[in-house]
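>>> fold the following, please.
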Amino acid sequence: MNIVGIHDGHNSSVTIVQNGKVLAACQEERLTRVKNQGGSPVNALHESLRISGLGTLDSIDQFVIAGRVSQPPYITRQDVLDDYAYKSMYSKSAMGALRSVVSDNDLIRNLWLRLQKYQTSSAQRMRSSFLIDEGVPFEKVQFIDHHTAHASSAYYGMANYDERILVLTNDGAGDGLCGTVSIGYEGQLQRIGQISEDNSLATIFAMITYMMGMVPLEHEYKIMGLAPYYRGDVKNNKVYQGLVNIFEWDQETPFLWRRSDHIPRVGYLWKYLENLLHNQRFDSVAASMQAYTEMFMVEWVKRCIRETGVTRVAVAGGTFMNVKANQALLDIPDVEELFVFPSCGDETNSVGAAYWSYAHSQLSDHKTVNIHKLGSIYWGGEFSDHEIENVLENFKFNSKEVIYKKHDNIESIVAELLSTDKVVARFKGRMEFGARALGNRSILAKPSDLQVVQYINDIIKSRDFWMPFAPAVLAEYSDDYFRKNKPISASYMVMSFDTKKSKRGDIIASLHPQDGTARPQEVYSDMNSDFASLLQEYRSITGEAVLLNTSFNLHGYPLVYSPLDALNVFNRSGLEYMALGNYLVSKCEK
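This next block holds a predicted model:
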């Protein structure tokens, strides 16, 4: 059975699942070169069909679009900024204040929800028009709830069907909700609680991101990265205390929350937040938002476990992109196991939608769900050395002389360069899915050399000075560098860990400079044999099994996808070395 999962909102994507296994997945941004490209993922659809080998839309049995209600029309970064600017002004206007009060009236609220439901059918037909235009019958198109897609990615990605699993979703908003609580057992998901989008923690995080001059739905990670620079007592901070007063726990259902008395719906919280942040330092605001997020999420998980008795937890949704909060969740004593779906923002709802559809078909036929535990997520395109050579031969380089040569032992060549303090971009194998560079579209460097941080930031990435890089480590040596309170595989860069003081000097350039934590990618040979081989070669030279790993892109652009994308970044940046497939491309002064 061939199923196409589609996410057509912010950072749109397509996933093709065949009999429960992901054959291909692609984000629209990779092909349009527009960061977090939203809308109908037409290019990603055709690229995924090509990668999967299925070729044509006729080979697909079911198309499943995540989200019953239309997504916000965020096609570009500017769309997001314009929308937040409008919401900020409108919510503080007299009309906005009136609407905030009126919308809290249950009668008016129910009428609005009914109207929205009435409009859903025509909106869904419009959202599927890009499929219909290509000959797909509307009867083949199905829509599922936004948070059902998130929950499905987490539950079926974890793939533990013999035990009860606590499945949590949390994000800004989707189909009127910001979070859900479900129990997964024997392949079935049962939702036992949900939280309205009017009480969205993630939306508050996005609003504060915007108020600090950054891009909401994109730069929340910068707030997380800035937080450790604060040196005050965050619990006594005015901003933290003001955030704590926004929500309260439901007395009847203790694992759900709601707004405290006299607190408006989150969408109308701008004035409250502006007063709270007035004359506060950046690091104070960032630390308060991050600490509040960690505290709130930990309390939520504790309450869910206490009420359900289920200690194995699977999570998805944009809030769980916060690696420091995930670390705090793992440290909860009652959490026996934690699975975070990789890159679990809305882009992964195409995966969840396809998983749900396949599992639903299996259960409907009284079959056992046979979706296996998530492994490699290198689901994108791959380019042969022949294709790479053709691009190289026709590419026009800038003023520096560029030489390129094919090597049978490219991993050894790269390891040698890295050991001599060179920075090398790596482009090889299938594209990784999601927000994290996992070695195949990465820039690599020696992690013990702090000078590479400034070099990469100034010459290549133009990153904010306070943001840390991340390490890639051979999985079998991970415990030499990172301290885990519980056994957990860390293949996808979704969890931070404390580091061992004795090894910090060896990986200093890939740590957060203030708190010494790191967000590692553990590299397994059975997931990425070539990248593992490179790390093994590097270890044989240096004695260390870790490299600094950051995404191969220019600041503000998506990860490179094609050889041409890679050469464009190489050409426009200060990069001097690039491993392009089995070719080493080098800049030399004339």
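>>> output the longest helix belonging to the protein.
helix 282-308 (DSSP state H).
>>> the following helix or strand past that one - contacts with which helices or strands?
Next helix or strand after helix 282-308 toward the C-terminus (DSSP states H and E): strand 312-316. Strand 312-316 sits against helix 146-158, strand 165-174, helix 282-308, helix 323-330, strand 337-340, with contacts defined as 3 or more Cβ pairs under 8 Å, 6 or more residues apart in numbering; DSSP states H and E. For every residue, glycine as well, the C-beta is placed using N, CA and C.
>>> what average pLDDT does strand 312-316 get?
For strand 312-316, the mean pLDDT works out to 98.
>>> tilt between it and helix 282-308?
Counting by axes from the mean of the first three to the mean of the last three Cα atoms, to 10 degrees, strand 312-316 lies at 130 degrees to helix 282-308.
>>> contacts for strand 312-316?
Strand 312-316 is touched from outside by 150-151, 153-155, 157-158, 160, 163-170, 184, 301, 304-305, 326, 329, 335-341, 344, 348, 352, with contacts defined as Cβ atoms under 8 Å, 6 or more residues apart in numbering.
>>> list the contacts for Glu220?
Phe205, Ala206, Thr209, Met321, Asn322.
>>> could I get the full set of strands for the stretch 451-590 of the chain?
Assigned by DSSP state E, counting those that start in this stretch, the strands in the stretch 451-590 of the chain fall at 470-474, 482-483, 497-499, 517-518, 521-523, 546-551, 577-580, 583-588.
>>> how far does the helix or strand containing Thr15 sit from its chain's centre?
Using DSSP H and E, Thr15 maps to strand 13-18. Relative to the centre of its chain, strand 13-18 is centred 17 Å away, using Cα atoms, centre = their mean, to the nearest Å.
>>> hang on, the earlier thing: for the longest helix of the chain, buried residues please.
283-298, 300-305, 307-308 (16 or more other Cβ atoms under 10 Å).
>>> how far off centre is that helix?
Per Cα atoms, centre = their mean, the centroid offset for helix 282-308 relative to its chain is 19 Å.
>>> on that earlier part again, give me the mean pLDDT for the strand holding Thr15.
98.
>>> what's the burial count for Pro471?
26 (other Cβ atoms under 10 Å).
>>> likewise for Ala151?
28.
>>> could you do Pro264 as well?
20.
>>> that one in helix, strand or coil?
Following DSSP: H, G, I helix; E, B strand; the rest coil, we place Pro264 in the coil state.
>>> and it, what are its phi and psi?
phi -70, psi 170 (degrees, to the nearest 10).
>>> where's it relative to Asp198, distance?
9 Å (Cβ to Cβ, to the nearest Å).
>>> likewise for Ala159?
34 Å.
>>> returning to what we had before: out of the contacts of Glu220, which comes closest to Pro468?
Checking the contacts of Glu220 against Pro468 by Cβ to Cβ gives Asn322 as the nearest, at 14.3 Å.
>>> now that closest one, nearest residue through space, not along the chain?
The shortest distance from Asn322 to any non-neighbouring residue, by Cβ to Cβ, 6 or more residues apart in numbering, is to Met224 (5.8 Å).
>>> check what pLDDT the one you found gets.
For Met224, pLDDT reads 97.
>>> following element in sequence after the strand or helix carrying it, please.
Assigned by DSSP H and E, Met224 belongs to helix 220-226. Using DSSP H and E, the helix or strand that directly follows helix 220-226 along the chain is helix 238-244.
>>> so where do the helices sit in the stretch 1-150 of the chain?
For the stretch 1-150 of the chain, the helices defined by DSSP state H, counting those that start in this stretch occupy 28-32, 42-52, 77-91, 94-103, 106-127, 129-132, 146-158.
>>> which of the ones you listed sits most buried?
Stretch with highest mean neighbour count among those: helix 146-158 (a mean of 29; mean count of other Cβ atoms under 10 Å).
>>> which neighbouring elements make contact with that helix?
strand 165-174, strand 177-185, strand 188-196, strand 312-316, strand 337-340, helix 349-364.
>>> let's check: the centremost residue of the chain is which one?
Nearest to the mean C-alpha position of the chain, counting by Cα atoms, centre = their mean, stands Ser343 at 2.8 Å.
>>> what's the closest non-adjacent residue to that one?
Counting by Cβ to Cβ, 6+ apart, the residue nearest Ser343 is Gly434, at 2.5 Å.
>>> need phi/psi at the one you found.
phi 100, psi -170.
>>> the residue nearest to Asn322 and Ser88, how far apart?
From Met224 to Ser88 the distance is 22 Å (Cβ to Cβ).
>>> ok so, going back, taking the contacts of Glu220 one by one, which sit in helices?
Counting by DSSP H, the contacts of Glu220 contribute Phe205, Ala206, Thr209 to helices.
>>> hmm, back to that, need the contact list for the residue nearest to the centre of the chain.
Met321, Ile377, Phe433, Gly434, Ala435, Arg436, Tyr492, Val494.
>>> now Gly434
For Gly434, the contacting residues are Gln27, Pro342, Ser343, Glu347, Thr348, Ile377, Tyr492, by Cβ under 8 Å, 6+ apart.
>>> thinking again about what came up before, nearest to Asn553, out of the helices of the stretch 1-150 of the chain?
helix 28-32 (10.2 Å).
>>> quick one: which of the contacts of Ser343 is nearest to Tyr538?
Arg436 (20.2 Å).
>>> before we move on, the earlier item: would you format the ones in helices among the contacts of Glu220 as JSON lines with neighbour count, distance to Phe397 and pLDDT included?
Converted to JSON lines, these look like this (neighbours: other Cβ atoms under 10 Å; distance: Cβ to Cβ, whole Å; pLDDT from 0 to 100):
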{"residue": "Phe205", "neighbour count": "24", "distance to Phe397": "42", "pLDDT": "98"}
{"residue": "Ala206", "neighbour count": "26", "distance to Phe397": "40", "pLDDT": "97"}
{"residue": "Thr209", "neighbour count": "22", "distance to Phe397": "38", "pLDDT": "98"}
